[in-house]
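A.B. asks: Take a look and give me a structure for this.
(3 chains)
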Amino acid sequence: MSNARGKRLLDVYHRLYAAYGPQHEIIAGAILTQSAAWSNVEQALGKLKAAGALSPEGIAGLPESELAHLVRPSGYYNAKARKLKAFVRLLDRDFGGDLEAMLGSPIDELREALLSTHGIGPETADSILLYAAGRPVFVIDAYTRRTFSRLGSAAERDTYEGWQRLFAESLPFSAPLFNEYHALIVRHGKDVCRKRPLCGECPLAAS
DNA sequence: GCCCAGGTGGGTA
DNA sequence: TACCCACATGGG
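C.D. replies: I've put the predicted structure just below:
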């Protein structure tokens, strides 16, 4: 491991880790961020990590009540503890507890499995598919709807599928593009444009 | 004090 | 299918 190749491989690992974070942290974050401010989610993730519970094994090994206590800052803590437990049960039951196997399984199969799990709806499922599994799925959230409605580019059908079709049929089919685009929409949504839609500081004002 | 945040599931008509 | 409502904390 002291040779150049080993260092190179470790360097790649650290770069990827710095860019994406551990996959179980992304998944926990996707569930905890449901109808919650990200600053509160970060507090909850910090508590999980400090308790050594930020992993499928950690979550599985904790009573639901203790899990609830740890995720309390993210709100709806009893409901979210139950959802984390449900995800780990799915991982265990359908993929033998192997997260890599789960994330590497066929996209339609995985999406269906996620949607059949308590507490995972279309947005959370697609967040996991895009951000944890790196699949080309466009995530539709409140920021996306708000932003494109204001721009006069709302989906024809105001449903999750309707919005998703709008992006899927109009953009190159690329996970990195979908990832970056959605991240930018969120960034924009949290920025000046929440209180002052399409104001002078908004990069979308003149478009 | 009041309002809202990157949703979801269950119940009712 | 289309609404309601519960679930709950922390920050502006």
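A.B. asks: Contact partners for residue A:91?
C.D. replies: A:56, A:97-99, A:102 (C-beta atoms under 8 Å, 6 or more residues apart in numbering). Bear in mind the C-beta positions are built from the backbone N, C-alpha and C, glycine included.
A.B. asks: Go through those and flag which are in strands.
C.D. replies: Assigned to strands by DSSP state E, none of the contacts of residue A:91 qualify.
A.B. asks: Buried subset of those residues as a ChimeraX selection?
C.D. replies: A single ChimeraX command is used to select the members of the contacts of residue A:91 judged buried by 16 or more other C-beta atoms under 10 Å:
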select /A:56,99,102
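A.B. asks: export the contacts of residue A:91 to a markdown table and tack on pLDDT?
C.D. replies: A markdown table is the format used below for the contacts of residue A:91 (pLDDT from 0 to 100):
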| residue | pLDDT |
| --- | --- |
| A:56 | 95 |
| A:97 | 95 |
| A:98 | 91 |
| A:99 | 92 |
| A:102 | 94 |
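A.B. asks: Nearest to DNA strand C among the contacts of residue A:91?
C.D. replies: residue A:56 (21.1 Å; C-beta to the nearest atom of the strand).
A.B. asks: didn't that closest one look like it was pressed against residue A:97?
C.D. replies: Yes. Counting by C-beta atoms under 8 Å, residue A:56 touches residue A:97, with 6.4 Å between them.
A.B. asks: tell me which parts of chain A are close to DNA strand B?
C.D. replies: A:30, A:33-38, A:40, A:75-76, A:79, A:117-125, A:127, A:131, A:139, A:141-143, A:186, A:189-190 (C-beta under 7 Å from any atom of the strand).
A.B. asks: ok, which of those also contact DNA strand C?
C.D. replies: A:35-37, A:40, A:75-76, A:79.
A.B. asks: Give me the pLDDT for residue A:14.
C.D. replies: Per-residue pLDDT puts residue A:14 at 69.
A.B. asks: Over in chain A, which residue gets nearest DNA strand C? Let me know.
C.D. replies: Across chain A, the shortest distance to DNA strand C (C-beta to the nearest atom of the strand) belongs to residue A:75, at 2.7 Å.
A.B. asks: ok, which pair from the ones next to DNA strand C among the residues of chain A next to DNA strand B is furthest apart?
C.D. replies: A:37 and A:79 (16.3 Å; C-beta to C-beta).
A.B. asks: still on that earlier bit, buried subset of the ones next to DNA strand C among the residues of chain A next to DNA strand B as a PyMOL selection?
C.D. replies: To isolate the buried subset of those in PyMOL, counting by 16+ other C-beta under 10 Å, use the following:
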select buried, chain A and resi 36+40+75+76
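A.B. asks: Just the ones in helices from the ones next to DNA strand C among the residues of chain A next to DNA strand B, please.
C.D. replies: Counted as lying in helices by DSSP state H, out of those, are A:40, A:79.
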